[in-house]
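Visitor: Coordinates only, no sequence provided:
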């Protein structure tokens, strides 16, 4: 099969603190160890399913910001992505497709089923997994970073990480539309994990602010609307993404360099402030001062953006406003995937407009380049039709 493989040089930074296991397995935070990445087309053996696994013929795959951060480097040539990575690896994890082969022990899936997939593979036996925190699994494998990904014609996946799309395809009356819409479940799931699982949910009638209008921020806007937010203010420095934010449900959308974001949130809320603020920009060193001044009493900040930089936090504000900061990583567990699929099936999460560029699988390298301009909502790879 044809696949896009990421390779890089293992050159741990001088100040990197790596465990014996990380050194042995060469699986570590990418920005600390992997330098001078390359992305090349390669011909690999067609995969065979093991026990409890299926082979999926990939039909759609979104280009994630984490993929972009693997493609991009800092001034020293180290990739920007900070998650655990083992190279070489086939990239890509926001995928949907068609089941084409079954391994022994598969219980429910059948050949021909259309599916979407979780991309974080917990071990299932460590304490984090067993107490319902699979995103914090100490043995976590990440599809497209430490486990084979979906910038490929085929991918093997365990049945327990796949979700059928039959109801969604039936609701839409279009299998192709279902495959594309379901490829957005993973990035929306990251927002769901932070807003609903981590922070306890958006109470109907809440005022919500979203900093950063990439796919996760756009998903946060759509989720806030689905949860019954009274109003949503969005902030980004890219005009195209501000337009998308308005399209997906933001009442106001501004470049934070041209307005006082805290004042915008207070004006929208009649002086009350933000009950929930989502930081999806990965720029907390710039956004925290505005976020602190925007908190409503009991407000919550959900931190979803990733950056290796420290950010200033005035802790007294958390006391004065009885506010809190919640961090969240990942998109699996807690019923995240099936609940988002239900919202999509019922038409209560209108996010199809998030996809702004479609390119064929043969143009995967071009899609990575396109993602670096950060003007799209989602760049989507389109494989052969079903």
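Guide: Good, I have the coordinates. What you see is a predicted model, and the numbers here were worked out from it, not measured in a lab.
Visitor: can you count the residues close to residue 270?
Guide: Per other CB atoms under 10 Å, the neighbour tally for residue 270 reads 10. Using the backbone N, CA and C atoms, a C-beta is placed for each residue, glycine as well.
Visitor: tell me the SS of it?
Guide: Taken by DSSP: H, G, I helix; E, B strand; the rest coil, the conformation at residue 270 corresponds to coil.
Visitor: What is the burial count for residue 164?
Guide: The burial count for residue 164: 18, using other CB under 10 Å.
Visitor: which residues does it bridge with?
Guide: residue 115 (DSSP bridges).
Visitor: so it makes contact with residue 110?
Guide: No - using CB atoms under 8 Å as the test, residue 164 is too far from residue 110 to be in contact (9.3 Å).
Visitor: what's the closest non-adjacent residue to residue 198?
Guide: Nearest residue to residue 198 in three dimensions, chain neighbours excluded: residue 328, at 4.0 Å (CB to CB, 6 or more residues apart in numbering).
Visitor: Please apply the same query to residue 5.
Guide: residue 42 is the one closest to residue 5 (CB to CB, 6+ apart), at 4.8 Å.
Visitor: Assign residue 128 to helix, strand or coil.
Guide: helix.
Visitor: picking that back up, average pLDDT for the host helix or strand of the residue nearest to residue 5, rounded please.
Guide: If you go by DSSP states H and E, residue 42 is part of strand 34-43. Here strand 34-43 scores 98 as its mean pLDDT.
Visitor: Please shift the residue numbers so they start at 59 in all later answers.
Guide: Taking 59 as the first residue, the last one we looked at is strand 92-101.
Visitor: And the helices in the chain?
Guide: Applying DSSP state H to the chain gives helices spanning 78-83, 88-91, 123-129, 185-188, 224-230, 233-240, 243-250, 273-284, 297-305, 319-326, 342-352, 373-378, 394-403, 422-429.
Visitor: shouldn't residue 261 be in contact with residue 333?
Guide: Yes - Residue 261 is in contact with residue 333 according to CB under 8 Å; the separation is 6.8 Å.
Visitor: So between those two, which is more surrounded?
Guide: residue 333 (24 against 13).
Visitor: burial measure for the residue nearest to that one when sequence neighbours are not counted, as a count.
Guide: Excluding its sequence neighbours, the residue lying closest to residue 333 (CB to CB, 6+ apart) is residue 264, at 3.9 Å. Counted with other CB under 10 Å, residues neighbouring residue 264 total 22.
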